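Engineer: just to be clear, the model below is a prediction. Sequence and coordinates:
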Amino acid sequence: MLPSSSGFSLESFRARAEQVCREEVNSNPRNVSALVNLGTLLKVKKEYAEAEAMFQRALEADPNSVSALINLGSLMQNVKKDFVKAEELYRRALAINPNDSRALIYLGSVLHFVKGQYGAAEDLYRKALDADLSSNSALMNLGGYLIKKTVDESKANVNGSSHNDSSTQNNFAISRPLDAKTSSLDARS
């Protein structure tokens, strides 16, 4: 544990938060906020089975809990690798709140990275930014997507050209990383 100037550590804070959430869940088993918060804390601790159970209990208490849908979707996507279930949960969240930036970003990532539906993913990332201009996740995902799209288009233009003029080859070489051995750009590699 890393001590802080006040004597508290992140671990002790999480332990106290978990204790408070458990007490609330025990006294009010249908408290959706407490269930989702406890599930989130358990997910951070990599106690995935119990985290999933908390998110499921939250959805039993309130099937329209966007937070529970998104958190369960994230667990399905990132831990269980159940992308079909994750997509379903994100779409349910968006049916309730079409402008939830987290659901838009997470669904975009499934469409982008798993399903290869780049145009749909781009639309979702842009909509997430419209909903929350301060969303670093939306900016990073959209930026990463646009960079990859530009590189892919450049490669397609170079590979699809019917002639091999040196200006096309040189333009492509500029977008490639420096060769570690020569510290120079090499269009032949």
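Structural biologist: Ah, there it is.

Engineer: check which element follows the regular element (helix or strand) spanning residue 37 along the chain.
Structural biologist: Assigned by DSSP states H and E, residue 37 belongs to helix 32-44. Using DSSP H and E, the helix or strand that follows helix 32-44 in sequence is helix 48-61.

Engineer: where in this protein is pLDDT low?
Structural biologist: 1-7, 161-189 (pLDDT under 70).

Engineer: and the helix holding residue 37, what does it pack onto?
Structural biologist: Using 3 or more CB pairs under 8 Å, 6 or more residues apart in numbering; DSSP states H and E as the contact criterion, the elements in contact with helix 32-44 are helix 10-27, helix 48-61, helix 66-75. Bear in mind the C-beta positions are built from the backbone N, C-alpha and C, glycine included.

Engineer: relative to residue 123, which of those helices is closest?
Structural biologist: Taking CB to CB, helix 66-75 is the member of the helices and strands packed on helix 32-44 nearest to residue 123, at 18.6 Å.

Engineer: for the helix holding residue 37, buried residues please.
Structural biologist: Within helix 32-44, the residues that count as buried by 16 or more other CB atoms under 10 Å are 32, 34, 35, 36, 37, 38, 39, 40, 41, 42, 43.

Engineer: next one: the first one from residue 67, what distance?
Structural biologist: Here the distance between residue 32 and residue 67 works out to 8 Å (CB to CB, to the nearest Å).

Engineer: host element of residue 147?
Structural biologist: helix 136-160.

Engineer: got phi/psi on residue 131?
Structural biologist: phi -80, psi -30 (degrees, to the nearest 10).

Engineer: that one against residue 104, yeah?
Structural biologist: Yes. Taking contacts as CB atoms under 8 Å, residue 131 lies within contact range of residue 104: 6.7 Å.

Engineer: thinking again about what came up before, same list (the buried residues of helix 32-44) but as TSV, adding distance to residue 155.
Structural biologist: Listed next are the buried residues of helix 32-44 as TSV, based on distance: CB to CB, whole Å:
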residue	distance to residue 155
32	48
34	51
35	48
36	43
37	46
38	47
39	43
40	41
41	44
42	44
43	38
